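Enquirer: Quick one: sequence and predicted model below, then my questions.
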Amino acid sequence: MIGLVDGNNFFVSCERVVDPRLNGKPVAVLSNNDGCCVSRSNEFKALGIPMGTPYFQLKDRMERDGLIFRSSNYELYGDLSRRIVSILRKESVAVEQYSIDEAFIFPPSTAKKDLNGYGKRLRAKILQWVGIPCGIGFATTKTLAKIANHIGKKRPDGVFVMPDDPTPILSKLPVEEIWGIGRRLSVTLHQHGIHTAEQFRNESDEVIRHLGSVVTLRTAMELRGIPCVEADHDEDPKSISCSRSFGEPVTTLEGLSESIASFTAQAAEKLRRHGLLAAGVNIYAQYGKACEQTWADKTVIFPHPTDATNEMLQAIQQEIGALFVDGLRYRKSGMVFLGLEKAGTARQQDLFSQTPSQENSKLYQVVDTLNARYGKGKVFSASEGIGENRSWKMKREMLSRRATTNWGELIVVH
């Protein structure tokens, strides 16, 4: 059996952990640059405000309906997510984190006789130790576990175990609510008389493959109880990237350079955490109006595969000028590492090149340790910019305290 653990209204629940005054009130967390609602409390949902509603459309309702908004506090959400996963790793055989608020778990053999009780104990432990309410669903496949989780989140105890014959449940589930069935595909399925998960499961392989793809067929097989979505336990990421929309348009080379340097430094920390090296990086910037999606990009190859931020920035700084045109208004920038490989992997060296030094890698291991101990960004490269007045920084005007990752913002009990 496979379980899916999913934090209820995760971002809002995290905000309530550090500010209990938000309990019972209509709260929403906003997207980057305080754009639109991406997480809503049950009280907020009860007011009929859809997911994705822009913040500017709701300002007039703040006083009338008591709406409360928070900027996305990724430092807080990431830390609480890691705490939940650490509990899951201790209480299960294996964990596959699917997103910041979802993880598939493989229960120990001792729990299989009473999955419902195991789920309740696990849920209670997460609530007590971290403060996040979760829904937990168990089934024979990941796709069925997603459905079980959806049901569990609506139950008082938060847990649901899919019965051996899920037909009664699938017969009532609209096909568009199946994990992996997108809006476009659901329209196609409806046109061919497939409206429920049961109908989709029972359709022939030939018809499903004709209407969709191999992935669509795998989804149908999962509904039949045949595991087809491969496990990905603790595998290294296939790619590492970082990008953000700017708080306000950037019109200077200095601002563009600082943003790319900052994003590269953040991604490099993740690279080191996985014990990987990058052979190069693709840097890019978007300019003009949002609807135009006009991009400039440049690929930079490092002298040798590296995980040292200073070596990366030295190579990148020489090329950022190729992205910048005076007079343009840049809205976003980002980077993607290329050629990832495990540190220590044997490789063919250039006959005339010097053996890469490990000193810089060791230096940034110390930097990562310091930032982990004293707070993210305490030690950084000057090329990332200094101070909080960097115009490219993401707008977070309603940011809550980073109470679990920043010494200066710890909760004080009087």
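Expert: That came in fine, so what should we check first?
Enquirer: Show me the shaky parts of the chain.
Expert: 230-236, 290-293, 344-357, 387-391, 394 (pLDDT under 70).
Enquirer: Try it again at 80.
Expert: Counting by pLDDT under 80, the chain contains low-confidence ranges at 32-33, 229-239, 289-293, 344-358, 372, 374-377, 386-396, 405-407, 413-414.
Enquirer: Look at stretch 369-382 and report the distance between its end residues.
Expert: By Cα to Cα, to the nearest Å, the extent of stretch 369-382 from end to end equals 19 Å.
Enquirer: what's next to it, contact-wise?
Expert: With Cβ atoms under 8 Å, 6 or more residues apart in numbering as the test, stretch 369-382 has contacts from 75, 261-262, 265, 269, 309-310, 313, 367, 402, 405-408. Every C-beta, even on glycine, is put in place using the N, C-alpha and C of the backbone.
Enquirer: Domain ranges for the protein, per the record?
Expert: 1-140, 167-223, 241-384 (automatic domain parsing).
Enquirer: Out of those domains, which is the most enclosed?
Expert: domain 1-140 (a mean of 18; mean count of other Cβ atoms under 10 Å).
Enquirer: which residues in the stretch 51-200 of the chain form helices?
Expert: Per DSSP state H, counting those that start in this stretch, the stretch 51-200 of the chain carries helices over the ranges 62-65, 74-91, 115-129, 142-152, 167-170, 183-191, 197-202.
Enquirer: Show me what the third one is packed against.
Expert: In this structure, helix 115-129 packs against strand 2-7, helix 74-91, strand 134-139, strand 159-161, with contacts taken as 3 or more Cβ pairs under 8 Å, 6 or more residues apart in numbering; DSSP states H and E.
Enquirer: Include distance to residue 136 when you put the helices of the stretch 51-200 of the chain into TSV, please.
Expert: Below are the helices of the stretch 51-200 of the chain laid out as TSV (distance: least, Cβ to Cβ, whole Å):
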stretch	distance to residue 136
helix 62-65	32
helix 74-91	10
helix 115-129	4
helix 142-152	6
helix 167-170	16
helix 183-191	27
helix 197-202	20
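Enquirer: in which helix or strand would I find residue 299?
Expert: Element membership for residue 299, per DSSP states H and E: strand 294-306.
Enquirer: the inter-axis angle of the helix or strand just after that strand versus strand 294-306?
Expert: Following strand 294-306 in sequence order, the next helix or strand is helix 309-317 (DSSP H and E). Using axes from the mean of the first three to the mean of the last three Cα atoms, to 10 degrees, the direction of helix 309-317 lies 140 degrees away from that of strand 294-306.
Enquirer: Residue 409: what's it in contact with?
Expert: Contacts of residue 409 (Cβ under 8 Å, 6+ apart): 401, 402, 403.
Enquirer: mind checking the SS state of the first one?
Expert: Secondary structure for residue 401, judged by DSSP: H, G, I helix; E, B strand; the rest coil, is coil.
Enquirer: change the start of the numbering to 55 and stick with it
Expert: All right, first residue 55 from here; so that's residue 455.
Enquirer: mind listing what it touches?
Expert: 72, 463, 465.
Enquirer: Out of those residues, the closest to residue 98 would be?
Expert: Among the contacts of residue 455, residue 72 lies closest to residue 98 (Cβ to Cβ), at 18.1 Å.
Enquirer: Tabulate the domains of the chain in TSV, adding columns for distance to residue 215.
Expert: Formatted as TSV, the domains of the chain follow (distance: least, Cβ to Cβ, whole Å):
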stretch	distance to residue 215
domain 55-194	5
domain 221-277	12
domain 295-438	34
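Enquirer: if we can go back for a sec, could I have the strand holding residue 353 exported to CSV, CA atoms only?
Expert: The C-alpha trace of strand 348-360 is given here as CSV (Å, rounded to 0.1, in the frame of the first residue of the first chain):
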residue,chain,number,x,y,z
THR,A,348,10.2,38.3,-24.9
TRP,A,349,13.3,36.6,-23.7
ALA,A,350,17.1,37.0,-24.0
ASP,A,351,19.4,34.1,-22.9
LYS,A,352,23.0,33.1,-22.8
THR,A,353,24.7,29.8,-22.1
VAL,A,354,27.8,29.9,-20.1
ILE,A,355,30.2,26.9,-19.7
PHE,A,356,32.4,26.8,-16.6
PRO,A,357,36.1,26.0,-16.9
HIS,A,358,35.4,22.7,-15.1
PRO,A,359,32.3,21.2,-13.4
THR,A,360,31.9,23.0,-10.1
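Enquirer: so what's residue 78 up against?
Expert: Contacts of residue 78 (Cβ under 8 Å, 6+ apart): residue 97.
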